[in-house]
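>>> only the shape, not the letters, is given here:
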């Protein structure tokens with residue numbers, strides 16, 4: 001079949017990108033038709049799909065449904081539907097395109113995608129997370145004749161995942177036109193083999209491909225390499241000739257500006273293919289950063305020669321109310337919130353991410369632990385990837401590495417998460433096979449896996465001696481055993497915490513951590529909350545986890561651990577431990593599904609940044625006679641003093657094993673105030689007051705900070721209930737309706753509550769603990785009006 005994978009161009013800044021005379025790359029997301037039915041005749045060239053639903057890609061049909069208990073994915077899969085869907089698009093090509101290579105690039109289709117062009121079968125892609133390219137050239141029509149691409153997507157066999165996957169063509173699609181002889185993107189590898197101070201080497205390798213039968217015409221082609229510095233200044237231009245269709249060029253760069261989380265300097269690198277007249281036939285571009293890094297068995301991780309603790313979070317691929325449908329500004333919102341919290345890394349749990357997500361990580365200075373698989377041959381669900389692994393894992397792994405190896409942000413290749421072959425000898429050969437392939441494709445980065453067995457004698461993946469860095473999930477109490485069991489191996493806490501919280505819910509604090517469920521014998525918590533909430537105090541966790549504070553302290557105090565990846569940065573759809581349906585999204589996140597931080601966000605910010613932090617919890621609406629546990633997350637202070645209605649309740653401070661100040665306070669209506677002092681001077685205050693009933697809706701519109709320069713950038717409208725004096729109201733929730741007048745639409749709404757069963761596509765949303773989110777997209781550049789309507793009145797904003 002005429003399918004191959006390739007690395008997509010990183011330098012994507014506009015909807016239409018021109019690559020000299022020989023290459024264009026155009027988004028191909030509009031004017032698709034979709035149906036959630038299955039008939040084989042849909043593949044035919046003359047099939048009329050005009051009566052199908054008109055959709056714009058990326059598209060996730062599952063998120064358009066309401067939640068339900070009967071879907072076979074279960075609440076672990078998000079309690080949303082799967083099924084089989086078809087996509088169709090017609091398009092025309094000018095006669096001037098004859099002789100060119102015409103390809104379609106798909107960022108990801110979940111799952112089992114089959115493709116036809118003009119009725120001709122092109123092939124099947126089982127892996128729902130990998131990008132791929134299909135060559136249309138031999139089957140196309142030109143001039144006034146229509147071409148029709150048909151895509152069948154089969155996500156009917158459920159359950160096939162431990163989390164929500166989404167369904168459909170959920171990432172971007174591009175139409176690519178090149179000259180008949182062109183640069184092969186999957187064979188293009190740009191690396192920095194030497195970085196010494198302000199001097200560095202840039203190595204560019206590529207191969208030429210041709211759509212013609214006589215490929216000899218590609219040999220001897222002239223190329224030109226051009227490099228610009230991070231400020232856009234031209235650094236160098238060098239020409240050469242491909243030998244037997246291969247390009248291998250190394251150039252020196254001086255006065256380097258290094259890439260780091262604090263200063264993500266990127267150099268623009270362009271490789272152009274020239275014809276006999278020295279005109280550009282084809283070219284590709286990347287943005288590359290110069291950095292060095294290494295893992296050390298005793299001292300952790302070094303970046304650019306300096307020790308750096310990896311402060312990471314695990315991230316699933318959904319974007320809350322958008323489902324799996326990728327949007328760059330929504331992804332930037334998530335990443336920026338994590339970076340503002342102090343995170344410097346993410347783990348792409350547990351699958352290849354969108355290519356554009358890695359673009360953002362390159363640009364924002366976020367380290368990436370890039371993961372390929374959640375299982376190998378041994379299944380975790382009946383219909384998961386274990387079915388395809390025996391025949392597809394090497395080609396999928398190769399496609400994954402080739403696609404992402406030009407991303408400076410990527411520092412680790414993970415070949416698996418909690419793989420069950422670690423418990424038997426079959427894990428040895430599989431580990432060696434995959435690690436060998438990764439190193440062949442990219443010798444510049446270490447290979448790892450996220451393991452659970454910390455006894456070397458029982459861990460066959462570790463015994464394979466093929467991993468450069470060993471990642472271990474949970475079991476923080478055994479960290480000190482790891483350097484003994486796994487001598488001279490760099491170590492990483494690849495997954496930690498698994499604490500459970502619902503934003504702004506505060507149960508009576510227990511003396512010890514509560515484990516919900518208590519053990520592996522229980523699928524769900526036995527004595528949880530009847531309203532399917534979990535307390536936002538950091539004192540409830542799944543039985544295999546612990547609190548955020550304990551997990552972080554265990555990593556913080558051990559220099560041999562390179563860093564941590566907290567499970568998880570954001571709540572995500574599916575896997576709603578500890579509850580059955582109607583719970584349908586996770587409780588693990590530091591930030592809830594709507595993108596509203598939970599209290600523990602500020603614990604991390606106080607530990608991971610130098611920003612002045614003082615966050616006071618909980619709210620101050622209780623019953624007379626209640627004794628309330630009051631906490632304050634803070635940093636950069638001698639202590640924190642608490643006042644109730646102007647009366648001091650004393651000072652408190654962090655301890656060696658507690659990362660918050662704490663008081664027990666008999667409730668009285670009024671004002672609770674925390675004051676932070678440094679060197680005896682007040683530097684910060686935080687206040688909560690007893691709120692009355694909701695009086696109005698306070699609106700915050702966010703767009704500019706998450707903008708990426710694309711027309712599809714989103715507007716995030718947060719509605720907060722406040723009383724007459726502006727105090728946040730948590731006890732008097734109201735239904736909010738988001739209405740768009742003009743050239744725009746409501747893409748989704750959310751409130752962060754894990755058991756809210758109204759579909760996330762609905763424009764109406766009841767606030768949860770006084771907050772709700774509306775996600776708005778403009779359909780053109782003209783202004784549109786957003787109306788936020790509730791029983792408290794109506795507010796209007798123009799975007």
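Now that the structure is in, tell me what you want to look at. It should be emphasised that the depicted structure is a prediction, and the values quoted were computed from it without experimental measurement.
>>> which sections of this structure are below the confidence cut-off?
Applying pLDDT under 70 to the chain flags residues 1-21, 212-220.
>>> in it, which spans are helices?
Assigned helices in the chain, in chain order: 328-341, 355-364, 389-404, 426-441, 460-463, 482-485, 548-556, 600-608 (criterion: DSSP state H).
>>> deepest in the core, which of those helices is it.
Comparing those by mean neighbour count (mean count of other CB atoms under 10 Å), helix 600-608 ranks first with a mean of 23. Any C-beta I mention is one placed from the backbone N, CA and C, and that applies to glycine too.
>>> check which helices and strands that one is in contact with.
Contacts defined by 3 or more CB pairs under 8 Å, 6 or more residues apart in numbering; DSSP states H and E place helix 600-608 against helix 328-341, helix 548-556, strand 614-617, strand 627-634.
>>> direction included, what does the longest strand along the chain pair against?
Determined from DSSP state E, the single longest strand within the chain is strand 181-196. Using DSSP bridges, strand 181-196 pairs in its sheet with strand 199-210 (antiparallel).
>>> buried stuff in the partner strand?
By neighbour count with 16 or more other CB atoms under 10 Å, strand 199-210 contains the buried residues 200, 202, 204, 206-210.
>>> residue 607: which of the residues you listed is nearest?
Proximity of the buried residues of strand 199-210 to residue 607 (CB to CB) peaks at residue 200, which lies at 33.6 Å.
>>> count the neighbours of residue 705 for me.
Around residue 705 there are 11 other residues, counting by other CB atoms under 10 Å.
>>> am I right that it is in contact with residue 335?
No - the pair residue 705 and residue 335 fails to qualify as a contact (CB atoms under 8 Å) at a distance of 11.5 Å.
>>> ok, the closest residue to residue 442 other than its chain neighbours - contacts?
Computed as CB to CB, 6 or more residues apart in numbering, the closest residue to residue 442 that is not its neighbour in sequence is residue 405, at 4.5 Å. Contacts for residue 405 (CB atoms under 8 Å, 6 or more residues apart in numbering) come out as 7, 189, 441-442, 444-445.
>>> on that earlier part again, columns distance to residue 162 on top of the helices and strands packed on helix 600-608, output as TSV?
Putting the helices and strands packed on helix 600-608 into TSV (distance: least, CB to CB, whole Å) gives the following:
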stretch	distance to residue 162
helix 328-341	20
helix 548-556	21
strand 614-617	31
strand 627-634	31
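>>> looking at those, which is closest to residue 721?
strand 614-617 (18.0 Å).
>>> centre of the chain versus the closest one, how much separation?
In terms of CA atoms, centre = their mean, to the nearest Å, the centre of strand 614-617 is set 28 Å apart from its chain centre.
>>> pull up the pairing partners for it, direction included.
Strand 614-617 has the following strand partners under DSSP bridges: strand 627-634 (antiparallel).
>>> which residues sit against stretch 527-541?
Contacts of stretch 527-541 (CB under 8 Å, 6+ apart): 497-507, 509-510, 512-516, 547-549, 578-579, 582-583, 587, 598-600, 603, 617-618, 629, 631, 753-755.
>>> of those residues, which belong to strands?
In strands, judged by DSSP E, the following of the contacts of stretch 527-541 are found: 497, 514-515, 617, 629, 631.
>>> just among those, which is most surrounded?
residue 497 (29 neighbours).
>>> would you agree that residue is in contact with residue 554?
No - with contact defined as CB under 8 Å, residue 497 does not reach residue 554; the gap is 10.1 Å.
>>> specify the beta-bridge partners of residue 788.
Listed by DSSP bridges, the beta-bridge partners for residue 788 are residue 738, residue 795.
>>> go ahead and confirm it touches residue 701.
No - counting by CB under 8 Å, residue 788 stays clear of residue 701, with 10.0 Å between them.
>>> neighbour-wise, which of the two wins?
Using other CB under 10 Å as the criterion, residue 788 and residue 701 rank with residue 788 on top: 21 against 15.
>>> domains of the protein?
Domain ranges of the chain: 3-178, 181-288, 313-587, 614-618+620-689, 696-798, per automatic domain parsing.
>>> just the ones in strands among the contacts of stretch 527-541 now: which is nearest residue 107?
Closest approach to residue 107 among those (CB to CB): residue 497, at 30.3 Å.
>>> name the nearest residue to the closest one, ignoring sequence neighbours.
Closest to residue 497 by CB to CB, 6+ apart is residue 551, at 4.4 Å.
>>> can you give the distance of stretch 564-574 from its chain's centre?
In terms of CA atoms, centre = their mean, the gap separating the centre of stretch 564-574 from the centre of its chain is 10 Å.
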